[in-house]
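Enquirer: could you work out the structure for the sequence below:
(2 chains)
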Amino acid sequence: MIHAQNLTRRFQLKNETVEAVRGIDIDIAPGEIVAFLGPNGAGKSTTLRMLTTLLPPSDGTATVAGFDVRRDPVEVRRRIGHIGQGNGSFDGLRVSEELYTQGRFYGLDRGTARARAAELLDQLDLSEQAERDVARLSGGQRRRLDIAMGLIHRPGLVFLDEPSSGLDPQSRANLLDHIRRLHRDEDVTIVLTTHYLDEADAVAERVIVIDHGTIIADGTPDQLKSKVSGDLITVTLQDPGQASAAVDVAHRIPTAHEIQPQSDGVAFRVEHGDIAMPELVRALDRAGLAMSGVQVQRPTLDDVFLNLTGRSLREED
Amino acid sequence: MTLLNSTSSVLDRELRAKLRTPWPYIEALADPLLLLILFAPLVAGLGDVPGLPSTDTVQWFVPGMLVLMTFTTSAFIGSGLQEERQAGSFERMLVTPVNRAALLLGRVLRVVTIVAVQAVVVIAATVPFGLKLHPDGILVAIVQLAVLAAALGIASLVTGLVLKNAYAFWGVIAIFYTPIIVTSGALLPMDLAPDWLFAISRINPLAHVVEAQRHLFIGDLADPSIVLGFVVALAVAAIGLAIGTRAMNRIRL
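Expert: This is a model prediction of the structure:
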């Protein structure tokens, strides 16, 4: 569905050339749902804009939905849906009008455009707002209208640029449901950018981590997480004074590493937290240490990012 | 999508949005009528002045007003394009297969349509003030105003497209507004102007159209100024369209 090689984009700023995307290779098969994950300014959106024909690459090639983005941009546009970062609809027009005229832009005849608009309004729970001025929609409704506009011509490939940024948690969950349903029920290939870890984790079956204009990791969320070496176990003791004894116990647990003394216990990683747990409880018991609590954490995508770059994605917010 | 199909779809969207927000057009209509009521009596009171007819100042004044009305309706539409660009809806349309020149032409056709309708309204409203109607002259006059609207509209869109930011756009408008209005000769005859000011009026497309309109409104269809008015307006439109099409094909968002 997408085949890009050495995709590069340079911008000229005053006296310096900034390389926003540095020779990225991407292959995405039909039916995939992929998230470009990375901090703001990593080059995710620039990559997306090259794939959607909004920005010509400075270097490299990309074939999207069977056509070259540089040679046949119009053929690419016919076959993709794009939901940009901004508001796709403009104040003063009604929901149904924006949707209908969007259909006309894709060459649908009047009847088809009207019918398809009604169908999408129903699908995206906007039927009640059909005759409302888009200026009077809530943030979540407006975003759903953007998605409806991106789907009017039944594209097989849909790009979403930061789809949920600026939405409240409830609207966000609702929006992600719509995206998942689109992928599952309509078999649409989806590429989205996000700087929210949980969003990439919740929606995508494949995550491409982008930082400083290059791809630094690519795989399913589980594959990426397995690169972080193991699960994190945190033990807190009833008597904080015994913390150093707990560190000794941790050293005797098989596969234990990255052992960090805590003020009231110990934290360390093991290969499989669920297997190490009973062993740990027994060992602490034998050493006469009483726990007040223990926590096992599977690695998160943030751990993955931290591991790869030495920075946390959360600090970006 | 063919240029024609694309343009009609864009025009459709444009008209739907703008017809429901009538304030700009009420403003555009109120302006010439207020000038007629407040300023035309002053012109009539000037008496014997070069470039002014000794009687029938309404017949002389109304064509200039129509040109000003055309200017205020069409010369600012570039800011609307900038707003849509800022918001994201322009980007949304750029990812559709719609012909990119049509994104400009549809907007131009909207102001052309509206200027034509407004011209009819203003002309009808000025009949009670003593405007005498020469039907064939008026017909040609309205066509010419429509061409002028297209020329100014495309020039405004290109300015909005190239300058990107709203401050720059309104800055350009602020610099050109007064010279364009004054040297158009719509309010007072340029025959009164010193040579240097008259010379400036010759490079103002509006001045040529004002002169053409005045001949059309007295039914003097043979006057060469009429053809000149058309040529000047079409030249502005052609230059604007050439730059605009180029800018649309090179646009980066």
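
Enquirer: helices along chain A, start to end?
Expert: Here chain A has its helices, by DSSP state H, at A:44-51, A:73-79, A:95-105, A:110-123, A:139-151, A:169-186, A:197-203, A:221-227, A:243-252, A:273-286, A:301-309.

Enquirer: for the first one, buried residues please.
Expert: Taking 16 or more other C-beta atoms under 10 Å in any protein chain shown as the neighbour-count basis, helix A:44-51 is seen to contain the buried residues A:44-51. The way it works is simple: take the backbone N, C-alpha and C, and place the C-beta from them, glycine included.

Enquirer: now do the phi/psi pair for residue A:87.
Expert: phi -90, psi 120 (degrees, to the nearest 10).

Enquirer: could you check how far it is from residue A:182?
Expert: Noted for residue A:87: a distance of 20 Å to residue A:182, by C-beta to C-beta, to the nearest Å.

Enquirer: interface residues of chain A facing chain B?
Expert: Within chain A, the positions near chain B by C-beta under 8 Å from any C-beta of the partner chain are A:49, A:52-55, A:74, A:77-78, A:80, A:82, A:84-94, A:97-98, A:101-102, A:104-107, A:146, A:149.

Enquirer: circling back: turn the helices of chain A into CSV, including mean pLDDT.
Expert: Below are the helices of chain A laid out as CSV (pLDDT from 0 to 100):
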stretch, mean pLDDT
helix A:44-51, 91
helix A:73-79, 92
helix A:95-105, 92
helix A:110-123, 91
helix A:139-151, 90
helix A:169-186, 86
helix A:197-203, 83
helix A:221-227, 78
helix A:243-252, 83
helix A:273-286, 84
helix A:301-309, 77
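
Enquirer: which one of those lies nearest to residue B:17?
Expert: helix A:95-105 (7.9 Å; C-beta to C-beta).

Enquirer: mind pulling up the pLDDT for residue 239?
Expert: Just so you know, I chose chain A. On pLDDT, residue A:239 comes in at 83.

Enquirer: switch to chain B, that's the one I care about
Expert: In this model, residue B:239 is scored at 91, pLDDT.

Enquirer: and the host helix or strand of it, which residues are buried?
Expert: Element membership for residue B:239, per DSSP states H and E: helix B:224-250. Under the neighbour-count criterion of 16+ other C-beta under 10 Å, helix B:224-250 has B:225-226, B:229-230, B:232-233, B:236-237, B:240-241, B:243-245, B:247-248 buried.

Enquirer: out of those residues, which is nearest to chain A?
Expert: Distance to chain A across the buried residues of helix B:224-250 (C-beta to the nearest C-beta) is lowest for residue B:248, with 12.7 Å.

Enquirer: that closest one contacts residue B:99, correct?
Expert: No - using C-beta atoms under 8 Å, residue B:248 is not in contact with residue B:99, being 9.3 Å away.

Enquirer: quick one on the thing from earlier: how about the helix holding residue B:239, does it reach chain A?
Expert: No - counting by C-beta under 8 Å from any C-beta, chain A is not contacted by helix B:224-250; separation bottoms out at 9.5 Å.

Enquirer: centre of the chain to that helix, how far?
Expert: 13 Å (C-alpha atoms, centre = their mean, to the nearest Å).

Enquirer: helices or strands up against it?
Expert: helix B:100-126, helix B:135-163, helix B:205-217 (3 or more C-beta pairs under 8 Å, 6 or more residues apart in numbering or on different chains; DSSP states H and E).

Enquirer: wondering if the second one reaches chain A at all.
Expert: This points to helix B:135-163. No - shown here: helix B:135-163 not in contact with chain A (C-beta under 8 Å from any C-beta), separated by at least 14.7 Å.

Enquirer: what's the neighbour count on the residue in the stretch 51-200 of chain B that chain A sits nearest to?
Expert: Distances between the stretch 51-200 of chain B and chain A by C-beta to the nearest C-beta are smallest at residue B:88, namely 2.0 Å. Look at residue B:88: counted by other C-beta atoms under 10 Å in any protein chain shown, it has 19 neighbours.

Enquirer: SS state for the nearest residue to residue A:77 once chain neighbours are set aside?
Expert: The shortest distance from residue A:77 to any residue other than its chain neighbours is 4.6 Å, reached at residue B:97 (C-beta to C-beta, 6 or more residues apart in numbering or on different chains). Following DSSP: H, G, I helix; E, B strand; the rest coil, the label given to residue B:97 is coil.

Enquirer: just checking, residue B:97 touches residue A:107?
Expert: Yes - applying C-beta under 8 Å, one finds residue B:97 in contact with residue A:107, separated by 6.8 Å.

Enquirer: residue B:82 contacts residue B:165, correct?
Expert: Yes - counting by C-beta under 8 Å, residue B:82 touches residue B:165, with 7.4 Å between them.

Enquirer: neighbour count: those two, which is higher?
Expert: Using other C-beta under 10 Å, the more surrounded residue of residue B:82 and residue B:165 is residue B:82, with 22 against 12.

Enquirer: what score does the more buried one have for pLDDT?
Expert: Looking at residue B:82, the pLDDT reads 90.

Enquirer: and residue B:199, by the same measure?
Expert: 92.

Enquirer: helices or strands next to the helix or strand containing it in the packing?
Expert: If you go by DSSP H and E, residue B:199 is part of helix B:195-202. Other helices and strands packing on helix B:195-202, by 3+ C-beta pairs under 8 Å, 6+ apart, are helix B:166-183.

Enquirer: burial count for residue A:33?
Expert: For residue A:33, using other C-beta under 10 Å, the count is 20.

Enquirer: returning to what we had before: give me the spatial nearest neighbour of the residue of the stretch 51-200 of chain B closest to chain A, chain neighbours excluded.
Expert: residue A:86 (2.0 Å).

Enquirer: residue contacts, that neighbour?
Expert: Residues near residue A:86 by C-beta atoms under 8 Å, 6 or more residues apart in numbering or on different chains: B:86-89, B:91.

Enquirer: from residue A:298, how far off is residue A:231?
Expert: Noted for residue A:231: a distance of 6 Å to residue A:298, by C-beta to C-beta.

Enquirer: so the two - more neighbours on which side?
Expert: Using other C-beta under 10 Å as the criterion, residue A:231 and residue A:298 rank with residue A:231 on top: 20 against 14.

Enquirer: skipping adjacent residues, who's closest to that one in space?
Expert: The nearest residue in space to residue A:231 (C-beta to C-beta, 6+ apart) is residue A:273, at 3.3 Å.

Enquirer: distance check, that neighbour against residue B:191.
Expert: In terms of C-beta to C-beta, residue A:273 sits 94 Å off from residue B:191.

Enquirer: can you check residue A:2 too?
Expert: Here residue A:2 is placed at a distance of 67 Å from residue B:191 (C-beta to C-beta).

Enquirer: the residue of the stretch 51-200 of chain B closest to chain A is in contact with residue A:88, isn't it?
Expert: Yes - counting by C-beta under 8 Å, residue B:88 touches residue A:88, with 5.8 Å between them.

Enquirer: give me phi/psi at the residue of the stretch 1-150 of chain A found nearest chain B?
Expert: The stretch 1-150 of chain A approaches chain B most closely through residue A:86 (2.0 Å), counting by C-beta to the nearest C-beta. Backbone geometry at residue A:86, expressed as degrees, to the nearest 10, gives phi -90, psi -160.

Enquirer: now the one 5 residues further on
Expert: With angles defined as degrees, to the nearest 10, residue A:91 sits at phi -50, psi 140.

Enquirer: grab the nearest non-local neighbour of it.
Expert: residue A:135 (3.9 Å).

Enquirer: where does residue B:14 land in three-state SS?
Expert: Secondary structure, three-state DSSP: residue B:14 is helix.
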